[in-house]
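Undergrad: Provided below for reference: sequence and predicted model.
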Amino acid sequence: MTAPLQQVGTAHAASLAAIHAEAFPPREAWGEDAIALQLAMPGVFGLLHPLGGMILARVTEDEAEVLTLAVAPHLRRQGVATALLNGAMAAARGKAARTMVLEVAIDNAAARALYQRAGFAEAGRRPRYYADGGDALILRARLA
């Protein structure tokens with residue numbers, strides 16, 4: 001589902017938080033304040049898919065990190081996450097990042113497949129990383 005992505009800033013925090021709340025369980029959703037604080041940090045950027053998806057990422061030196069990626073449930077498996085991830089990877093390359101990293105729940109097969117298609121490979125593991133005690137995989141992709 002292609003649509004132009006919009007670069008966002010702190011003024012968009014409420015919209016991004018609404019998408020995040022729809023996409024994640026209440027204990028995991030980021031609120032408006034948390035998103036605004038992230039977007040105000042140096043190197044952090046966000047992209048909004050107009051149909052209901054968002055991504056926040058950060059570039060430090062030559063590495064980028066996906067902070068969060070959220071897609072409204074009714075839009076999943078329609079290319080929204082792929083568009084957001086590709087957009088963030090391109091934006092990070094434009095900011096001189098050579099690699100991108102992220103964490104994903106080991107049991108999130110759909111997200112892991114998305115990241116694998118985008119060229120991410122396992123680089124490590126964080127045991128009991130999530131509030132429910134689940135492990136996270138650290139994934140890395142080359143951007144250059």
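TA: That came through, no problem.
Undergrad: CA only for contacts and neighbour counts going forward, please
TA: OK.
Undergrad: give me the below-cutoff pLDDT ranges for this protein.
TA: Within the chain, the segments meeting pLDDT under 70 span 1-3.
Undergrad: following the biggest helix by length in it in sequence, what is the next regular element?
TA: Assignment by DSSP state H gives helix 80-94 as the longest helix of the chain. Sequence order places strand 99-105 as the next helix or strand after helix 80-94, per DSSP states H and E.
Undergrad: buried ones in that next one, by neighbour count?
TA: Of all the residues in strand 99-105, those buried under the rule 16 or more other Cα atoms under 10 Å are 99-105.
Undergrad: for Val101, see how far away the residue with the largest distance to the centre of the chain is.
TA: Among the C-alpha atoms of the chain, the one farthest from their average position, using Cα atoms, centre = their mean, is that of Gly133, at 20.9 Å. To Val101, Gly133 is 21 Å away according to Cα to Cα, to the nearest Å.
Undergrad: next up, the contacts around the residue lying closest to Thr60 once chain neighbours are set aside.
TA: Among residues not flanking Thr60 along the chain, Gly43 sits closest, at 6.3 Å (Cα to Cα, 6 or more residues apart in numbering). Applying Cα atoms under 8 Å, 6 or more residues apart in numbering, we find Gly43 in contact with 58-60.
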